[in-house]
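Colleague: My questions concern the predicted model and sequence given below.
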Amino acid sequence: MEKDKLKLTSSEIGTLWGEYVNGTAVDIVNRYMVSIIEDESIKTIFKDAIKTFEKQKQQIVTFIENEGFSVPIGFTESDLFKGKQRLFTDIFCLNYLHIMTLHGLLGHSTSLGVSVREDLRFFYDSCDNDGKRMYHQTIDLLLEKGSFQRDPLFYPAENPEYVSSQDFSDGLFGKGRTLAATEIISISFNLKKSIMAKTLSIAFSQVAQTKEVRKFLEDAGKTADQQIKVFSKIMQTDNLPVPKSWETEVTTSTDSPFSDKLILYLTGFLFQAAQAYHGTGLASAMRTDLVATYESTILQNLMVTKKWFNIMVQNKWLEQPPLAPNRKEIAKEK
């Protein structure tokens with residue numbers, strides 16, 4: 001069969017559907033942030049992000065419509081309340097864009113990994129290149145402004161060594177070895193993401209319009225804070241620095257720039273995405289206390305996402321992705 005005549009598979013449609021919904025949610029936040037940012041160098045990067053997604057969005061719509069599927073509703077200008085008081089400082093906006101760019105890079109790589117049709121592969125390849133460009137831009141500007149938080153530094157050992165004892169995996173009751181560089185990758189990254197989740201939960205809880213959503217955000221913030229404390233303690237036990245918090249980068253505004261639907265979706269997205277990173281951390285952990293910590297963290301996030309799911313469904317905010325044909329129901333119709 002000719003490459004350009006291949007029908008898109010369920011996985012390929014699923015990635016396009018997810019890219020559209022997630023992309024439109026992030027785009028609305030970017031549009032708000034570019035309206036409040038005063039620093040021209042930061043504003044320029046956000047304008048680039050908005051322009052880049054607009055191009056990607058048009059291509060996604062074409063892919064979906066050509067296969068006969070309905071384009072998702074996603075998020076629109078109706079979810080953005082213009083002219084509201086600023087909720088974040090400029091530097092927080094830049095840190096937010098950096099973290100969301102990392103999410104985008106993972107999403108594009110996953111989408112590319114399940115894509116077979118050539119035009120779709122080339123599309124995700126271009127999305128990945130766009131994400132890499134944004135990644136470099138955000139890091140360079142954060143470094144320039146002295147706001148990029150680097151991971152701890154290690155000092156080189158004289159020679160390579162093999163693990164020589166079963167005690168290498170013992171991390172309970174304070175008996176364990178110090179952290180390995182391969183373990184700090186996930187610990188440091190998960191700390192930064194939990195700090196972002198906590199900060200956004202605090203900000204959104206100030207402006208959410210319904211009591212139900214505010215209560216969820218407060219609980220989500222407490223969960224993120226608990227995880228920050230646990231991972232920070234692990235780092236501090238080895239006298240390693242932890243990333244700083246961003247709560248002071250949130251203003252005291254109670255004027256919501258977003259719909260509760262968008263606020264709740266973004267919060268749930270962060271906790272759902274975190275599961276992939278916690279899973280990676282679990283797989284790379286070689287100390288028993290780290291394994292136990294990741295298992296506990298994953299369960300905590302599952303509880304948060306369960307509450308999130310219930311609220312989204314009750315309010316009819318959770319859009320249904322394409323489903324496999326229900327053969328039994330189809331047979332009953334005859």
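Modeller: Sure thing, it's come through.
Colleague: now the helices: where do they sit in the stretch 201-334 of the chain?
Modeller: Secondary structure of the stretch 201-334 of the chain (DSSP state H, counting those that start in this stretch): helices located at 211-237, 260-284, 288-314, 327-332.
Colleague: of these, which approaches N66 most closely?
Modeller: helix 327-332 (24.5 Å; CB to CB). (C-beta placed from N, C-alpha, C; glycine too.)
Colleague: just the helices of the stretch 201-334 of the chain: most buried one?
Modeller: Among the helices of the stretch 201-334 of the chain, helix 260-284 has the highest mean neighbour count (mean count of other CB atoms under 10 Å), at a mean of 20.
Colleague: how many degrees apart are that helix and helix 211-237 in direction?
Modeller: Per axes from the mean of the first three to the mean of the last three CA atoms, to 10 degrees, the angle that helix 260-284 makes with helix 211-237 is 30 degrees.
Colleague: Please compute how far stretch 324-334 lies from its chain's middle.
Modeller: Centroid separation for stretch 324-334 versus its chain: 37 Å, with CA atoms, centre = their mean, to the nearest Å.
Colleague: quick one: S201 from L217, how far?
Modeller: 5 Å (CB to CB, to the nearest Å).
Colleague: what is in contact with these two at once?
Modeller: T267 (CB atoms under 8 Å, 6 or more residues apart in numbering).
Colleague: okay if I get the helices of the stretch 201-334 of the chain as CSV plus distance to R133?
Modeller: Putting those into CSV (distance: least, CB to CB, whole Å) gives the following:
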stretch, distance to R133
helix 211-237, 29
helix 260-284, 21
helix 288-314, 31
helix 327-332, 45
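Colleague: Among those helices, show the one with the smallest mean pLDDT.
Modeller: Lowest mean pLDDT within the helices of the stretch 201-334 of the chain: helix 327-332, a mean of 80.
Colleague: CA atoms only for that helix - export them in CSV, please.
Modeller: Taking Å, rounded to 0.1, in the frame of the first residue of the first chain, the C-alpha atoms of helix 327-332 are listed here in CSV:
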residue,chain,number,x,y,z
ARG,A,327,-19.5,-4.8,18.6
LYS,A,328,-22.2,-6.1,21.0
GLU,A,329,-24.2,-2.8,20.8
ILE,A,330,-23.9,-2.8,17.1
ALA,A,331,-25.2,-6.3,16.8
LYS,A,332,-28.2,-5.4,19.0
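Colleague: Which of the helices of the stretch 201-334 of the chain sits closest to I28?
Modeller: helix 260-284 (6.0 Å).
Colleague: ok and the closest one relative to helix 288-314, angle-wise?
Modeller: Computed by the same axes, to 10 degrees, the angle between helix 260-284 and helix 288-314 is 160 degrees.
Colleague: I'd like to know which elements helix 260-284 is packed against.
Modeller: Other elements packing on helix 260-284 under the criterion 3 or more CB pairs under 8 Å, 6 or more residues apart in numbering; DSSP states H and E are helix 10-36, helix 90-113, helix 181-207, helix 211-237, helix 288-314.
Colleague: Figure out which of the ones you listed is closest to V250.
Modeller: That would be helix 181-207 among the helices and strands packed on helix 260-284, by CB to CB, at 4.4 Å.
Colleague: What residues sit buried inside that closest one?
Modeller: 183-184, 186-207 (16 or more other CB atoms under 10 Å).
Colleague: Please state the offset of that helix from the chain centre?
Modeller: Distance, centroid of helix 181-207 to centroid of chain: 10 Å (CA atoms, centre = their mean).
Colleague: now for it, which elements pack on it?
Modeller: helix 90-113, helix 211-237, helix 260-284, helix 288-314.
Colleague: Columns distance to M33 on top of these, output as JSON lines?
Modeller: Supplementary listing: the helices and strands packed on helix 181-207 in JSON lines, determined by distance: least, CB to CB, whole Å:
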{"stretch": "helix 90-113", "distance to M33": "4"}
{"stretch": "helix 211-237", "distance to M33": "19"}
{"stretch": "helix 260-284", "distance to M33": "13"}
{"stretch": "helix 288-314", "distance to M33": "23"}
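Colleague: before we move on, the earlier item: show me the one of the helices and strands packed on helix 260-284 that comes nearest S169.
Modeller: helix 288-314 (5.9 Å).
Colleague: ok and that closest one relative to helix 181-207, angle-wise?
Modeller: 30 degrees.
Colleague: Just the residues contacting the lowest-mean-pLDDT helix or strand in the chain, thanks.
Modeller: One helix or strand of the chain scores below all others by mean pLDDT, DSSP states H and E: helix 327-332, with a mean of 80. Contacting residues not belonging to helix 327-332 are not present [CB under 8 Å, 6+ apart].
Colleague: If anything else comes up later, I'll come back, but that's it for now.
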